[in-house]
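Novice: The sequence and its predicted three-dimensional model are supplied below.
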Amino acid sequence: MSVQDAAAPTKAASTIGTPVRRVEDKRLLQGQGTFSDDVWMKRMGYVHFVRSPHAHARIGDIDVARAEAMEGVYATLTGAEVEAMTEPFMQIAPEPGSRMEDYALAVGKVRFVGEPVVAVLAETRALARDAAEAVEVEYELLEAVVDSLATLSPTAPVLHETIGKNIGYQDTYAWGDIDWALEHADHVVSIDKLHFHRFSSTPLECNAAVVNWDRGTDVIEVRSNNQMPQFAAMFISPAIGMPTSKLHFVSQDIGGAFGLKITSYPTIAACMLLSRKAGRPVKWTEYRSEAVTASAHGNERTFTDIKVPVMADGTILGFDVKAYDDAGAFMRYEPLGGVIWSQVAPGCYRLKHLRVEYTQVLTNKCPCGPNRGYSRLQHLWMIERIVDIVAHELGFDPVELRKKNYPQADEYPYETPNGCFYDSGDLPRMLDLGLELADYDGWRTRQAELKESGGGKRIGIGIGSTLDSGTNNFGQARLVNEHLPFSGNGEAAHVKLDLYGEIAVNLGSSPQGQGHETTAAQTVGEILGVAPTDIHVKAGYDTASHAYVGFSGTYASQFAVTGLGAAIGAAEKLRDEIRLVAATALGATPDEIELADGVAGVRGDEERAIPFIGIANLVYTNVAALPPEVADAVSLNCRYVYRPPFEIPDIETKTGELTLTYAAQIHVAVVEIDEETGHTEILKYVAIDECGRRINPQIVEGQVHGAAAHGIGAALHESFVYDEESGQLLSGNFYDYHAATAVDVPLLLTGEIECPSPRSPNGAKGMGEGGGAPLSTLCAAFQDALGAGGAVVTDTHNPSERVWRLLRERSDAPRPVEVVSR
Amino acid sequence: MNDPETTHLVEVQINGERYERAVQARELLVHFIRDTLALKGTHIGCDTGNCGACTVLVDGQPMKSCMMLAVQADGLSLETVESLSPAGEELSDLQKAFNDQHAVQCGWCTPGMLMQAKALLERDPDPDVETIRRTLKGNICRCTGYVNIVRAVQQAAGQDVSAGIQQEARA
Amino acid sequence: MLARPLKYARPASVAEATALLRSHPGARPLAGGQSIVNVLKLRAAEVDALIDISRLEELRTIAATPDGGLELGAGVRYVELASAPLVRERLPIVADVADGLVDVQVRNRGTLGGNICLNDPTSNFPPLLVALGATIRIAGAGAERRSVPAGDFFVGPYRCALEPGELVHSVVLAPLGGDEGVGYQTLQLARDSWALARAAVWLRRDGDAIADARVVLGCLGPRPARQGAIEAALLGGGGGEASVSAAVAAPLEGIDAVGDSHASPEYRVEMARVYAKRAIHQALAQTEAPA
């Protein structure tokens, strides 16, 4: 049942769709948030990790004696101990990738710079670091490989001997008939290679946990900022041999995560082992340079041998591509990315014939985590480059070509070739709105004037269209590994009336700034007839008290659908119980009862009403006053699990409904390039968003801003660069990894349209990841500035030097693009 | 003349309260504030002095408390986010502006941002958008894209928020 | 990250500070700390003790020199350089450079002396001071002072001409004549961010011709690099578009560009020429007589 048709027995004004001020802000603004590092326990020790200085080496002798002898050092933990105490973490990949052995600390070998080798626990942070310096580790250096394609060479050093090659997963995804399309198209545009670079959204709070193994109960409490605790529990439990019921995860405030705090489970496991060994609580607070070097990066992906069949009228039929996704040294969340891109297989376009030969490669680099826009943004960028390059090579207008190939408004729900349904949308209207807000025509005029006058500057105008698919069908995991017993999705919530009639809500999510306390309060308030400010949504997450399912957490653009879906269901259950109790007390029928302002009353009869405190009294403390059949039927403590209506995808054809909702973003950017230096200024940046019904438009806009900033930073400044020889990360701290500042992010202009989702319980769509739209948009702007016949933009990362080189590319240089026309 | 020592007794005013503690010479001011005094509002976002999450006011001027030793604060007066309004009570106008403009998402950069913004408005009660952006440059935010933080500072300065940003952005 | 164990002292005078530095060979001066605290956190250097000179008032003066120039104390903070009316009036370029340094917090704490003693190849002031022909006054034992021309002060990356037990006392800058101009141009990774290439230029015009010039490049080698060939090519010329472009094409000197994750050596060198050209034009524009 949706909110709209819930018989609406409430009087309080609806706040859905209004910018209700966030309730979580007050504590954060007063410095009263509680983040993991804000937890101090008695007898607690601080952990410091001895990390690998090498990209690839065999571990020889480890000597911890000197460290352990230092005053104030509580314990050390080595890989050999970890190997003896634990099983390798389970792998998602099928054979042979499943043979990868990933432990809480490096065992036998190190495979990337910064990999944890030894853990040292001491009385203070400083002592722990001093002692870590005293640990001696012998290494026998091995050749390292950091290039995503070179790692496939038969002569490349092998990272994991148990796998025998540097491939973690490989499969071909094909829908339609790309061979037929390439044969029958009027033009075939070939692109040699496109490269999506390595970067990360680098949440400002690094990973952290306070872990305490309680000897009396054998329960491990983990006060961490892991953003998907159930996933962590499912990985850690079999590895360390503890039941999930004894892994007690708690988080309150989390300082950003963006997907990158999902894969902190190996280090949390190391803290658990250390806590058990030392008999003390362990505090782990990652330093920034550790976070940048060795926590989790976003995936790098290289696309080669791209072939695009195009008809004379501009209809793009599809594409054929080889994709090499670089997971780094361990798989962790991978190879789920090997299928997740296919949620948006044809991108924003009506492409019918697709073939992707997907290979997950392993290199001596930091493992990846599902960074904002995960797996889809690489694929969406590749498609946007295709569309843009096709426009430039074949002389189509980039605006008209996009509009022609977008699904039109009347085609929704639009079924993709792989059986996904784009639930609602209107991309042409979004693009028009974006062009208008950006003053597209005005800038085209200005661009022409500038071309005329010279002066060393040129303007480029770019468009990027992306999708933000939300609410996964975990059945897609079966497409990478048929033995994985996952399908569907769900999220849980509790809504209860407390002893004096207060409304308390707890959620299965673990938010990191997305305002769940606020939107849940809006949603529950709507149903129970009270203002959001009168609802107490518990901050954070706690496995001991919160409702959860296996897919709980905050990731993958879904809270507005799954989290609020659960809150709606639980609130409706509570509403019905309140009505039953009130009807009993007031001598009416439940459907005569309406809830408003904390009172349940008989419709049209102001004399007959009972406040929520009275309802609570009848159920909790005055229970003999209720007839047993009513008392037995209510608890005022309502748990609900929202389950999207998914089916298990078809493994053979790799088709099925992989995600429930499709939010969209279209960005328009105007850049000015200094021809002498390649230096770029963004003169104008517009983001148009469509995410169905907007529960809280201010929060939505904040997510649009944030996702845009990540993409802009990555497009111009942010890049993880490895030295090819040594495998050292050259941008291993915030000096060299230039996170976008207030002067780097332009003043973003936003606009929106609203196409309510017919699939979700509240018309909303999950949003927040943004699909990496700025990467596509800025590449398109550079391409526009370079003009037809010029150099081709083939990389996501375009700092000044790369733009400078593109501007200087000789006209007789071999081009990475070829057009064959019939 | 005092010879260099490993341990020092420091006396420092923080948010109007006087603290006297023995500190190690190597101890960073931010660790003193957080671990010794348990003033948890001041955060750490990097280890190279780039992010500004640890920004506090030292004698009224924003400085990074991870780029100062605790012993260097001896005799000085500090303000942290906890000084802006008592916990649980009404928000100050600046804090309220951050709430109104949705300038907070995860809250990690927020304390440093607030201290930076407070000092700016004391220096320049009517800053233009460019000045606000340049001032916030030393405080990295990974959630908001800064737009709403600029708006919040504008609101706190009593400026017409929507008009300001829209005009700048459209110009 | 956290520093290794170390000692700290806060002497009451420059003489005490230099005495402590002499008696503790592993000690280093601590001024604003905006670099050395990082170095300590990274455990990138062995430092036994820090001698805190940040509160020594005698290092914090901004004074007019009788010839119309400036004497800037080593302990003057960037924010003070950026806002001091005397600096704005006499050598606005110094105020501008200070105002563009990193961020508010660093400007509130970092000092001129710290900047030049660090002599990081990307540091802002070394090339400017060489171009301006500054003199570095150095405090030694007791009241002893000696002076070193900026051109000789910057010895190599992270090294300067200070002897053990010495401190920079102040920087002395000559006044700018009406026929002189200064240019300072930087290609940055992002705004107020790390420099990829930098040029500082001082020149004097005599009538229509450039009579004297100092062209200095930063970021490209161990120390700020005077460009003798470019300077020679400029002399006697009128500073027109074509002649300046020709001059910056001259062979570069003292350059050892390295690549990193932000830019290749080739690009840095090319950009150095572009920014030298822009700095020359900026300087020339100041020498033009008002209409």
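Specialist: That came in fine, so what should we check first?
Novice: how far is the helix or strand harbouring A:Ser465 from where the chain is centred?
Specialist: Here A:Ser465, judged by DSSP states H and E, is contained in strand A:457-472. Centre-to-centre, strand A:457-472 and its host chain are 17 Å apart (Cα atoms, centre = their mean, to the nearest Å).
Novice: Direction included, what does it pair against?
Specialist: strand A:659-674 (antiparallel) (DSSP bridges).
Novice: Name the residues of the helix ranked longest in chain B that come out as buried.
Specialist: Longest helix in chain B, counting residues (DSSP state H): helix B:110-123. By 16 or more other Cβ atoms under 10 Å in any protein chain shown, the buried positions in helix B:110-123 come out as B:Thr110, B:Pro111, B:Gly112, B:Met113, B:Leu114, B:Met115, B:Gln116, B:Ala117, B:Lys118, B:Ala119, B:Leu120, B:Leu121. All C-beta spots, glycine's among them, are computed from the backbone N, C-alpha and C.
Novice: Tell me which residues touch the first one, please.
Specialist: Right, the one you point to is B:Thr110. Neighbour list for B:Thr110: A:Leu28, A:Leu29, B:Val81, B:Phe98, B:Ala103, B:Val104 [criterion: Cβ atoms under 8 Å, 6 or more residues apart in numbering or on different chains].
Novice: check contacts around residue 117.
Specialist: I went with chain A, as the question did not name one. Per Cβ under 8 Å, 6+ apart, neighbours of A:Val117: A:Phe49, A:Val50, A:Arg51, A:Ser52, A:Ile59, A:Ile62, A:Thr78, A:Gly79, A:Leu105, A:Ala106, A:Val110, A:Val137.
Novice: Chain C was what I was after
Specialist: Applying Cβ under 8 Å, 6+ apart, we find C:Cys117 in contact with C:Pro29, C:Ala31, C:Cys160, C:Leu162, C:Val168.
Novice: again, only using 10 Å
Specialist: For C:Cys117, the contact set (Cβ atoms under 10 Å, 6 or more residues apart in numbering or on different chains) comprises C:28-29, C:31, C:35-36, C:74, C:111, C:123, C:126, C:136, C:153-154, C:158-162, C:166-168.
Novice: now the longest helix of chain B: mean pLDDT?
Specialist: Averaging pLDDT along helix B:110-123 gives 98.
Novice: Work out the gap between it and the centre of the chain.
Specialist: Remark: helix B:110-123 is offset 6 Å from the chain centroid, using Cα atoms, centre = their mean.
Novice: again with stretch A:368-388
Specialist: Worked out by Cα atoms, centre = their mean, stretch A:368-388 lies 12 Å from the chain centre.
Novice: Make JSON lines from the contacts of B:Thr110 and add neighbour count and distance to chain C to it.
Specialist: JSON lines is the format used below for the contacts of B:Thr110 (neighbours: other Cβ atoms under 10 Å in any protein chain shown; distance: Cβ to the nearest Cβ, whole Å):
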{"residue": "A:Leu28", "neighbour count": "27", "distance to chain C": "21"}
{"residue": "A:Leu29", "neighbour count": "29", "distance to chain C": "20"}
{"residue": "B:Val81", "neighbour count": "28", "distance to chain C": "15"}
{"residue": "B:Phe98", "neighbour count": "28", "distance to chain C": "18"}
{"residue": "B:Ala103", "neighbour count": "30", "distance to chain C": "18"}
{"residue": "B:Val104", "neighbour count": "30", "distance to chain C": "20"}
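Novice: following the helix or strand hosting A:Asp576, which helix or strand shows up next?
Specialist: Per DSSP H and E, A:Asp576 falls inside helix A:564-586. Counting by DSSP H and E, the next helix or strand C-terminal to helix A:564-586 is strand A:593-596.
Novice: Nothing else from me, thank you.
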